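# Here's my sequence, what's the structure:
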Amino acid sequence: MQYTHLGRSGLSVSRLCLGTMNFGPKTEEADSHSIMDSAHASGINFFDTANVYGWGVNKGRTEAIVGRWFAKGGGRREKTVLATKLYGDMDEWPNNGKLSALNIRRALDASLKRLQTDYIDLYQFHHVDRDTPWDEIWQAVEVAVQQGKILYSGSSNFAGWHIAQAQGAAARRNYTGLISEQSIYNLLTRTVELEVLPAAQEYGLGIIPWSPLHGGLLSGVLKKENEGVRRLEGRAADTLEKHRDQIQRYEDLAEKLGHSPADLGLAWLLAQPAVTAPIIGPRTQEQLDGGLRALEIELDDDTLSTLDDIFPGHKTAPEDYAW
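Predicted coordinates:
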């Protein structure tokens, strides 16, 4: 396993992050525990979850599954860099969502209870809260740090200027601020290259890409479709039709290189300078094994150039659209 620091922090994390969103809704608890054990056996020490995972009436279920896995002992918690998130409403009652000081206190304590741990390594804001001032957010976080309940803070789904705003407010308080940003980033969705990635690099945040294979569209979907294994519907089908020619060229390139499309997509992300660890969210042991293969792939300049030709990216703003 390869390790790197998360942003400008001294925290060492694996180059792949285990996403747990499927644990509960799509993967039974016993299989979820087995996947987490296998992740540790492979050297993955970075796990990501959120208080809303489990969804609907089962919000919190995923954290509880992870917590029961920690409770088995054997150094499971000690070996894990644990990241969870808050923001989404946990119920319809006021103050049980977003980033008020009250919800930060309540949501953190609830996550700690479900996860059966006394601290969170990386506590992430799942979305920007436009209604709560940053001084209130950081004051609540500083209290939690002083209590030993969290160690680091991160963001998710922030714009570049949100990162700048957060870091400016933290600097005025002589606080560390954010050390990571979790954004959608893959060959099909490269909008973050305009301002989010430059902001993250400027302020020393590690990028944790979610949906690295764009919901499976970069995992060999055309081959699966031709073999009758998978057929998309709704928005995914519309996206496939819009990008069918690009995805065909991509799958042809993967076959030429001798890699699976999924491995190629992850390897491309790992080659991007701002990226710390793509989030892989396996539903099965086989999917976890597949993600690990990407760590063995080194892409040369010609391949990277070809991928940029198939899926054009962005220059840093404003040069992307001006001079």
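
# So which residues make contact with the host helix or strand of Asp121?
Using DSSP states H and E, Asp121 maps to strand 120-125. Applying Cβ atoms under 8 Å, 6 or more residues apart in numbering, the contact partners of strand 120-125 are 6, 11, 50, 80-87, 99, 108, 111-112, 137, 141, 144, 149-156, 158, 179-180, 182. Backbone N, C-alpha and C define where each C-beta goes, glycine included.

# Of the residues you listed, which belong to helices?
108, 111-112, 137, 141, 144 (DSSP state H).

# Among those, which pair sits farthest apart?
With Cβ to Cβ as the measure, no two of those lie farther apart than Leu112 and Ile137, at 18.6 Å.

# C-alpha coordinates for stretch 88-95, CSV please?
Presented in CSV, the C-alpha positions along stretch 88-95 are these (Å, rounded to 0.1, in the frame of the first residue of the first chain):
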residue,chain,number,x,y,z
GLY,A,88,-27.9,16.6,6.2
ASP,A,89,-31.1,16.7,8.3
MET,A,90,-31.3,13.6,10.5
ASP,A,91,-35.0,14.2,11.1
GLU,A,92,-37.6,16.9,10.5
TRP,A,93,-37.0,18.6,13.9
PRO,A,94,-35.3,22.1,13.8
ASN,A,95,-31.5,22.2,14.5
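
# Relative to the whole chain's centre, how far out is it?
23 Å (Cα atoms, centre = their mean, to the nearest Å).

# in it, what's buried?
For stretch 88-95, burial by neighbour count (16 or more other Cβ atoms under 10 Å) applies to 88, 90.

# Show me where the protein has its helices.
Using DSSP H, helices in the chain cover 29-41, 61-70, 101-115, 134-146, 160-172, 196-203, 221-226, 234-242, 244-257, 261-270, 285-293, 301-310.

# Reformat the ones you listed into CSV and put mean pLDDT, distance to Leu16 and mean neighbour count next to each item.
CSV is the format used below for these (pLDDT from 0 to 100; distance: least, Cβ to Cβ, whole Å; neighbours: other Cβ atoms under 10 Å):
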stretch, mean pLDDT, distance to Leu16, mean neighbour count
helix 29-41, 96, 8, 17
helix 61-70, 98, 17, 22
helix 101-115, 98, 21, 19
helix 134-146, 98, 27, 17
helix 160-172, 98, 23, 17
helix 196-203, 98, 19, 20
helix 221-226, 82, 21, 16
helix 234-242, 82, 24, 12
helix 244-257, 95, 19, 16
helix 261-270, 96, 8, 24
helix 285-293, 87, 6, 16
helix 301-310, 97, 19, 14
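
# Now tabulate those in a markdown table and tack on distance to Asn22.
Formatted as a markdown table, the helices of the chain follow (distance: least, Cβ to Cβ, whole Å):
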| stretch | distance to Asn22 |
| --- | --- |
| helix 29-41 | 8 |
| helix 61-70 | 8 |
| helix 101-115 | 17 |
| helix 134-146 | 28 |
| helix 160-172 | 28 |
| helix 196-203 | 25 |
| helix 221-226 | 18 |
| helix 234-242 | 16 |
| helix 244-257 | 23 |
| helix 261-270 | 16 |
| helix 285-293 | 9 |
| helix 301-310 | 27 |
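
# Quick one: closest of these to Pro318.
helix 196-203 (10.9 Å).

# which helices and strands sit right next to that closest one?
helix 160-172, strand 178-184, strand 206-210 (3 or more Cβ pairs under 8 Å, 6 or more residues apart in numbering; DSSP states H and E).

# ok, 7 Å please
In terms of contacts (3 or more Cβ pairs under 7 Å, 6 or more residues apart in numbering; DSSP states H and E), helix 196-203 is packed against helix 160-172, strand 178-184.

# would you turn these into a markdown table with distance to Asp301?
Formatted as a markdown table, the helices and strands packed on helix 196-203 follow (distance: least, Cβ to Cβ, whole Å):
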| stretch | distance to Asp301 |
| --- | --- |
| helix 160-172 | 27 |
| strand 178-184 | 25 |
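
# ok, back up a step: what's the closest of the helices of the chain to Leu213?
helix 261-270 (5.1 Å).

# For PyMOL, write the selection for the buried entries among the contacts of strand 120-125.
Buried subset of these, written as a PyMOL selection, criterion 16+ other Cβ under 10 Å:
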select buried, resi 6+11+50+80+81+82+83+84+85+86+87+99+108+111+112+137+141+144+149+150+151+152+153+154+155+156+158+179+180+182
